[in-house]
Every structure is written in structure tokens, then in C-alpha cells.
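Peer 1: 3D model of this:
(chains A and B, ligands or ions: 1)
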Amino acid sequence: MTKFKLIALLMLFALGFSACDNDDDDGMQVESLYSKLGGTTMVEDPTDPGNMIEQGRLGLRSVVDSTIFVIAADPDLSPFFAPLLMELGNGNTNNLAVLSKNLTDFFCVATGAENFAYNGLNMRDAHDPAQNPRMAMKSSDQDFDNFVGAVVTGATQNNVPTELIQEVGELLETLRSDVVQQ
Amino acid sequence: MTVTNNETNNDILMINRKLVQIVSYSLALGLVIFLSFSFYIHQKMTAGLPPGPPMQLSRIDFSESVDSLTAARIKSKVQQMESVKHAYFNIPDGILVFNHDPKVLDADAVVTDVRQHFRANAKRHVVDAEMAGRGCPVTGNNSIFMKVGDAMARIF
Ligand code: HEM
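Peer 2: Okay, the predicted model is just below:
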């Protein structure tokens, strides 16, 4: 009888704890920006028919690719990307593909994606011309604002909802001190 | 005496032959390393390229201000041209950027077309090597490694 009571008590405790656990999780779970952008739902990749891609990644990649056009058409930002733009002007898209992938990976990881990793330079080194010869010169606060503006334009072109663009903007803002080195 | 001379000559011949052998082997080994390195750099730099033909990004600058309606018409016309996938018009600065397959559509021809159609004062903007700096001596597209790797990729 005592044994039975003890087991029943333990089971009750276990139940109580697991119930508490679940409650806590539900209360704490915050949807990541990546999920809000489409998350891990698999969709067909429009640039690679027959292959699937996570919807969140596709959204971010589209924003990145559109942003590159906005940068190329910006007289203040484009000089920073001169090596890349010269290659693109000659029809060589190798480094564009690398940058597009690195930027997309970076955005995926920063917004909370779990199935991707960023293997590029850290933000300080990537934006230090001494460490990254593809960064033509150091950028200022104004250049940073212009860059964020270009990302916002790229996101708007891809119909990203305003409140999510706002969140992306806030995320980028946290990197200002690493990127701005002037 | 003659024997010694002959021996010396033989020795020199032997050494020469050995030297030629060493030099040839070193050269062959060097060539293999160089080709492998070029191939590796090329593979690494071209990995994960988007499928389809290589696209060129071209920029047209307008010297007079372009109103939003004309900008939309110019953009739409360029976007309808063969092989153009995407175009963006920065209206305040009068800059149009578009990508296209250079084998199908020549960027200068687009400029001429736009100038004639819209009576616009437009010219092509090309980033030259001076603006771009020297680029990376290893992974840059004009580097010897990328050129050799490119040639090898075409062969294999
Ligand atoms: C929060 C804002 C920014 C983020 C998240 C960001 C992110 C990145 C990433 C991930 C890379 C690739 C690094 C690599 O390949 O290892 C990169 C490269 C680069 N970034 Fe930024 N960046 C930001 C702001 C800026 C600004 C303000 C400028 C200049 C005005 C700039 C100019 C460049 C250039 C020139 C490169 C090298 C491009 C190339 O490979 O040709 N970035 N950035």
C-alpha cells in the first residue's frame, strides 16, 4: 500500500512538472523572424526548377538579390562594391553568387534559421578593407544608413510586410558598430 | 691518363643527365601543382553559381532628370528585351540597372535604343579597373589561376 502511494505520488509530481514545463514553453515561445518570413516550409525554387527551397530562405535570397541591384544603382553605395560591379559589368557573376550566398546565409542565421550556417568573414573583418580587399574603403554612419535603405527597398520590391521590414531594420541596426569603421 | 679523362667525361655526362632529369621532374611537378591549384581555385570560385547563362549587370546613367512615368516606361521596355531578367530604376539619381545575357543582348545596343526611343540623354556607366582597384591576385577573374582554371574547365 505504502509502495503504491509512493509511486502514485511520484507520478503526480512528474505530471505536474511536465505540465508546468509545457505551460512555460508555450508562454516563452517567440516566433522567429525567419518563421514569419516563411520559415522551413518547402517551396519550389523559381530560379532552379525541380528543386525545393525553404520559403524563409527564398524570401531572404530574393531580398538580397534585389538589394544588389539597388546598390548598383546607388551612386553613393556602388563605389564600395567597385570590384564586384566591374566583374558584373564584364559578365562575370562568380563573386556575385558567392556574395549572394554569404549574405543570404548571414540573414538566414541572423533571423533564426536552423538549417543553414554562415561561413563568411565576421562583420568587423568583412567591412575592414585591410582584412577584406573587396571592401573598397571604410564605411561611415551615413553609408550604413544608405545600406539599410537599400535593403528596405529590396524588401519592399519583394512585398515583405512593413512590420517585418521594421524587424529586419532593427536587426541590422545591432551590427552598426561592427560595420561602421570610420 | 686517357682512362681518367674518359671517367671524368662519363662522370660529367652522368651528372648532366641527372641534372636534366631533376630539372624536368621539378618542372613537371611544378606544372601539375600549378594546374591543380588553378583548377581548385576555379572550382571553388565557380561553385554554387546560379543555373543558366552567365548574366551581365549593366548600368545606364541619365544626365537629365527622368520623371517617374518615363522611368517606368524605360524600365518596362528594357525589361521586355530578350534575356533581361531584372531591372531597377533609381529615379532620383537617374540610374537604370539591368541584367542580361551579353551573348544575346549588347549593353551598348540597349543604350542606343533607349536614347532613340525616349530622346533621353543616356550613357553607359562602366566600372573600370582603376575604380575597382587591383582585385584579388588569386581569386580575381584576371588572375592567372582563374584564367588557367577557366581554360581547364572548358576542356574537361
Ligand atoms: C548591417 C549591415 C550589413 C550587413 C549585414 C552586411 C553583410 C555582409 C556580408 C555577409 C558580406 C560577405 C562577407 C564575406 O563574403 O565573407 C559583406 C560583404 C561586403 N559588404 Fe557588407 N554588410 C552590411 C553593411 C555594409 C555597408 C554599410 C557597406 C558599405 C557601404 C558594405 C559593403 C560591403 C562590401 C563592399 C562587401 C564585399 C563585397 C564583395 O565580396 O565583393 N556592407 N557584407
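
Peer 1: how about residue A:140, what does it touch?
Peer 2: Each residue near residue A:140 by C-beta atoms under 8 Å, 6 or more residues apart in numbering or on different chains is listed here: A:180, A:182. Where C-beta positions appear, they are placed from N, C-alpha and C, glycine not excepted.

Peer 1: no wait, residue B:124
Peer 2: B:58-61, B:107-108, B:111.

Peer 1: swap in residue B:111?
Peer 2: Counting by C-beta under 8 Å, 6+ apart, residue B:111 touches B:60, B:122-124.

Peer 1: Any of the residues you listed buried? List them.
Peer 2: Buried residues within the contacts of residue B:111, defined by neighbour count using 16 or more other C-beta atoms under 10 Å in any protein chain shown: B:60, B:122.

Peer 1: can you tell if the top helix by length along chain B touches the ligand?
Peer 2: Criterion DSSP state H: the longest helix present in chain B is helix B:2-46. No. Remark: helix B:2-46 sits outside contact range of the ligand, by C-beta under 6 Å from any ligand atom, the gap being at least 11.5 Å.

Peer 1: tell me what the host helix or strand of residue B:58 is packed against?
Peer 2: For residue B:58, the host element (DSSP states H and E) is strand B:56-62. On a contact count with 3 or more C-beta pairs under 8 Å, 6 or more residues apart in numbering or on different chains; DSSP states H and E, strand B:56-62 meets helix A:55-72, helix A:82-89, strand B:95-100, helix B:107-118, strand B:122-125.

Peer 1: So in that sheet, which strands flank the last one, and in what orientation?
Peer 2: Right, the one you point to is strand B:122-125. According to DSSP bridges, strand B:122-125 forms sheet pairs with strand B:56-62 (antiparallel).

Peer 1: Residue of chain A closest to the ligand, please.
Peer 2: Among the residues of chain A, residue A:120 lies nearest to the ligand; the distance is 2.8 Å by C-beta to the nearest ligand atom.

Peer 1: Would you mind giving the secondary structure of that residue?
Peer 2: Secondary structure for residue A:120, judged by DSSP: H, G, I helix; E, B strand; the rest coil, is coil.

Peer 1: ok so, going back, please pull up the helix or strand immediately following the strand holding residue B:58.
Peer 2: Using DSSP H and E, the helix or strand that follows strand B:56-62 towards the C-terminus is helix B:68-80.

Peer 1: how about that following helix: buried residues?
Peer 2: B:70-71, B:74-75, B:77-78.

Peer 1: Can you name the element that comes right after it?
Peer 2: Once the chain leaves helix B:68-80, the next helix or strand it forms, by DSSP H and E, is strand B:86-90.

Peer 1: buried residues in that next one?
Peer 2: B:86-90.

Peer 1: Likewise for stretch A:60-77?
Peer 2: For stretch A:60-77, by 16+ other C-beta under 10 Å, it's A:60-74, A:77.
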